[in-house]
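1. sequence and computational prediction follow.
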Number of protein chains: 2
Amino acid sequence: MGKKQLIMEKAIELFAQQGFELTSVQQITEHCGISKGAFYLSFKSKDELILAIIDQFMSQMISDTDYQVTNTQEDERTLYKFYFTIFKSSQKHSNFAKILMKEQSQSFNKELGIKFRYYDRLLEKIILTMMERLFGEKIENTKHDLVYCIKGFISIYSELILFNDVPVNLDLLAQSLVEKTNLLASQITIPFVTEEIFQLKRLTNDEVTIEQLLAILDQCLNEAEEPLEKESLSLLKQHLLEPSLSPALVEGLLKNVHDYSNCKWVAFLLRNYFELSSDK
Amino acid sequence: MGKKQLIMEKAIELFAQQGFELTSVQQITEHCGISKGAFYLSFKSKDELILAIIDQFMSQMISDTDYQVTNTQEDERTLYKFYFTIFKSSQKHSNFAKILMKEQSQSFNKELGIKFRYYDRLLEKIILTMMERLFGEKIENTKHDLVYCIKGFISIYSELILFNDVPVNLDLLAQSLVEKTNLLASQITIPFVTEEIFQLKRLTNDEVTIEQLLAILDQCLNEAEEPLEKESLSLLKQHLLEPSLSPALVEGLLKNVHDYSNCKWVAFLLRNYFELSSDK
DNA sequence: TATAATAATGACTTATTAGTCAGTTGTCAA
DNA sequence: TTGACAACTGACTAATAAGTCATTATTATA
């Protein structure tokens, strides 16, 4: 195990400077003082190393944050603890945090992308739960926007403290963000991220299951008014359960459905789904 | 020129999907239907292509935004126009915007990093000026934090609309962010980004070596066409190697150079460099 | 039509990469 | 001391990359 840990630590240093792509296994082994062969005794591939690093640190960060948030009794300290823990954690593992900032959005590696999205979602869940606990019903309509704002604060201030060698007073930073968050939570009235967008985002990013799709389809069918809309949806549902229509027919039905504003996103999901399954 | 534009457009499509590193010149030329040799008739290297793309779009985005902000008379519309223009712009050039999100923070390529930071600073300047105009003295202590929050909003909501195929109501998004911004501007009291941190960040980030500056200068000299441009650049180069001109003369030369769009950022870098060395 | 100039080609070179594997070294029990 | 086993090595392969250049095609001009 010692060797595995050594490789991970040294690799993180290089990744933080150069990124995944531009760091070669050769470089990593030289930096460790071991041979190339030895590397492949510990990890099956470079990708496996990357995934292992992401897993180790993200689960640590997430569970630290979750622990602090769920175990702070006094509500007025919760937000502070949240921000403080996040920034403390990224300061402590600054090399890893730098990697995270650099590679996060670029999910060229399929599995890596899924992993990043998974942890991103965990964090989102923590934030959402925390906000619901702290502000309850008052933020029902704006809660998803609040989650986004908080994520925006974290990302932009992390960049500031990670990539600029400025002396940082974490206590002040946390206080400052708590004030901003409280202000927004108690006073914003115009939501942008609706429940619908939130769900849609969630679905499009993942491999949507057929059950989810059916549920959504049924909901649309219930709301449908025009006969054309109803019939198209119904045919699509049948095709979903038991593929029987030609691509051109499906395409036409999707176009029909797309004309009704409340069904635009179902059309999108279905198109995605059909393309995906026909590719395989 | 037609060929150059074709290559840039096709390359953007590939870069947006795969990123710079994972897109080969071969792929680009195949996607254009031209040969590898033809590519190198238009661009000296893959890096030059990347820099050209960044320049084209960033200067467009920045000047669009600046125009909207400085030409909106009614103060209460300014913020709205600002947000709307930014998001409209990134929606219009969504492939480029995706590249930007992916590659922004990772400045592995030295010159690319400098370029990104240059445009980032221009945007920061626009935001700061706008906020000072709108809120004046009231935000003296918090203005840099406000700039950061706005940048955070832009970055996180851009990600949402670029990487998730959700139907977007830009009008609503802009309104929603205007409300948030106004709230923060009028009510936050705890600043974190002090003038000091702001200045410090500015200085530590721009370690441009004299060699890099010379290389960039030489490149501009090669591309320069107008005699005034050529002569000004040449004089600045001499002054860089062996300071001999008075500040006023240098300032004048920089102004000359600034008039030529392809040299704007060299002027910026030189101004920074001279100020830096005279400060110390 | 003939000639010069320009544009475009793609096989080639050189460099680098991830990953392999036949062989070497070290360790420890019998 | 010996033999068996695991840990380790690094030259090697195969793939892919950026960039070059002798050759060919196209266009403009006289």
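-> Done, it's in.
2. from the chain's centroid, how far away is stretch A:28-46?
-> What separates the centre of stretch A:28-46 from the centre of its chain is 30 Å, taken as Cα atoms, centre = their mean, to the nearest Å.
3. mind listing what's buried in that stretch?
-> For stretch A:28-46, the neighbour count (16 or more other Cβ atoms under 10 Å in any protein chain shown) marks A:Ile28, A:Thr29, A:His31, A:Cys32, A:Ile34, A:Phe39, A:Ser42, A:Phe43, A:Lys46 as buried. All C-beta atoms are positioned from the backbone trio N, CA, C, and that covers glycine.
4. residues making contact with that stretch?
-> Stretch A:28-46 has contacts (Cβ atoms under 8 Å, 6 or more residues apart in numbering or on different chains) with A:3-4, A:6-7, A:10-11, A:13-14, A:20, A:25-26, A:49, A:52.
5. over to stretch A:8-25?
-> Applying Cβ under 8 Å, 6+ apart, the external contacts of stretch A:8-25 come out as A:27-28, A:31-32, A:36, A:39, A:46, A:49-50, A:52-53, A:56, A:94-96, A:98-99, A:102-103, B:19, B:21-22, B:106, B:108.
6. how about that stretch and DNA strand C, any contact?
-> Yes - judged by Cβ under 7 Å from any atom of the strand, stretch A:8-25 comes into contact with DNA strand C through A:Thr23, A:Ser24, A:Val25.
7. that older thread, of the contacts of stretch A:28-46, select the buried ones using a PyMOL command.
-> Buried residues among those (16+ other Cβ under 10 Å), as a PyMOL selection:
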select buried, chain A and resi 7+10+11+14+20+25+49+52
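8. contact partners for the nearest residue to A:Lys151 once chain neighbours are set aside?
-> Closest residue in space to A:Lys151, ignoring its immediate chain neighbours: B:Ile156 at 5.4 Å, by Cβ to Cβ, 6 or more residues apart in numbering or on different chains. B:Ile156 is in contact with A:Tyr148, A:Cys149, A:Lys151, A:Gly152, A:Ser155, counting by Cβ under 8 Å, 6+ apart.
9. could the residues you listed go into JSON lines alongside distance to B:Leu170 and pLDDT?
-> Output for the contacts of B:Ile156, formatted as JSON lines (distance: Cβ to Cβ, whole Å; pLDDT from 0 to 100):
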{"residue": "A:Tyr148", "distance to B:Leu170": "16", "pLDDT": "97"}
{"residue": "A:Cys149", "distance to B:Leu170": "18", "pLDDT": "97"}
{"residue": "A:Lys151", "distance to B:Leu170": "20", "pLDDT": "97"}
{"residue": "A:Gly152", "distance to B:Leu170": "18", "pLDDT": "97"}
{"residue": "A:Ser155", "distance to B:Leu170": "22", "pLDDT": "95"}
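10. what about A:Ile53, distance to A:Ile7?
-> According to Cβ to Cβ, to the nearest Å, A:Ile53 stands 10 Å off from A:Ile7.
11. and what of A:Ile127?
-> Distance from A:Ile127 to A:Ile7, by Cβ to Cβ: 33 Å.
12. do A:Leu233 as well
-> Distance, A:Leu233 to A:Ile7, using Cβ to Cβ: 53 Å.
13. quick check: the residue of chain A nearest DNA strand D.
-> A:Gly37 (2.2 Å; Cβ to the nearest atom of the strand).
14. any idea how far that residue is from A:Val25?
-> Going from A:Gly37 to A:Val25 by Cβ to Cβ gives 11 Å.
15. do the same with A:Thr142
-> Distance from A:Thr142 to A:Val25, by Cβ to Cβ: 47 Å.
16. same check, this time on A:Leu236
-> Taking Cβ to Cβ, one finds A:Leu236 at 48 Å from A:Val25.
17. for the stretch 101-250 of chain A, which segments are assigned as helices?
-> Along the stretch 101-250 of chain A, counting by DSSP state H, counting those that start in this stretch, helices occupy A:110-135, A:143-163, A:170-187, A:195-205, A:210-223, A:227-241, A:247-258.
18. tally of neighbours for the residue lying closest to A:Asp47 once chain neighbours are set aside?
-> Excluding the flanking residues, the one nearest A:Asp47 by Cβ to Cβ, 6+ apart is A:Asn109, at 6.5 Å. By other Cβ atoms under 10 Å in any protein chain shown, the residues close to A:Asn109 number 17.
19. quick check: closest non-adjacent residue to A:Phe116.
-> Using Cβ to Cβ, 6+ apart, the nearest residue to A:Phe116 is A:Gln104, at 5.7 Å.
20. related to what we said a few turns ago, quick one: which of the helices of the stretch 101-250 of chain A is nearest B:Asn182?
-> Proximity to B:Asn182, assessed across those by Cβ to Cβ, is greatest for helix A:170-187 (9.9 Å).
21. report the buried residues of the closest one.
-> Neighbour-count burial for helix A:170-187 [16+ other Cβ under 10 Å]: A:170, A:173-181, A:183-185.
22. can you tell me which of the contacts of stretch A:28-46 is closest to chain B?
-> Closest to chain B out of the contacts of stretch A:28-46 is A:Phe20 (9.0 Å), distances taken as Cβ to the nearest Cβ.
23. so A:Leu41, which state does it fall into?
-> Of the three states, A:Leu41 takes helix under DSSP: H, G, I helix; E, B strand; the rest coil.
24. what about it, distance to A:Met130?
-> Look at A:Leu41 and A:Met130: by Cβ to Cβ, they are 43 Å apart.
25. do A:Thr65 as well
-> 10 Å.
26. name the residues contacting each of these two.
-> A:Phe82.
27. report how many residues lie close to A:Lys115.
-> Applying other Cβ under 10 Å, I find that A:Lys115 has 17 neighbouring residues.
28. what's the spacing between it and A:Lys102?
-> 15 Å.
29. please, which helix or strand holds the residue of chain A closest to DNA strand D?
-> Assigned by DSSP states H and E, A:Gly37 belongs to helix A:36-42.
30. just to revisit the earlier point, show the pLDDT at the residue nearest to A:Phe116.
-> Reported pLDDT at A:Gln104 in the predicted model: 75.
31. surely it is in contact with A:Arg117?
-> No - A:Gln104 lies out of contact with A:Arg117 (Cβ atoms under 8 Å); the separation is 9.7 Å.
32. tell me which of those two has more neighbours.
-> For A:Gln104 versus A:Arg117, the count of surrounding residues by other Cβ under 10 Å is larger for A:Gln104: 19 against 16.
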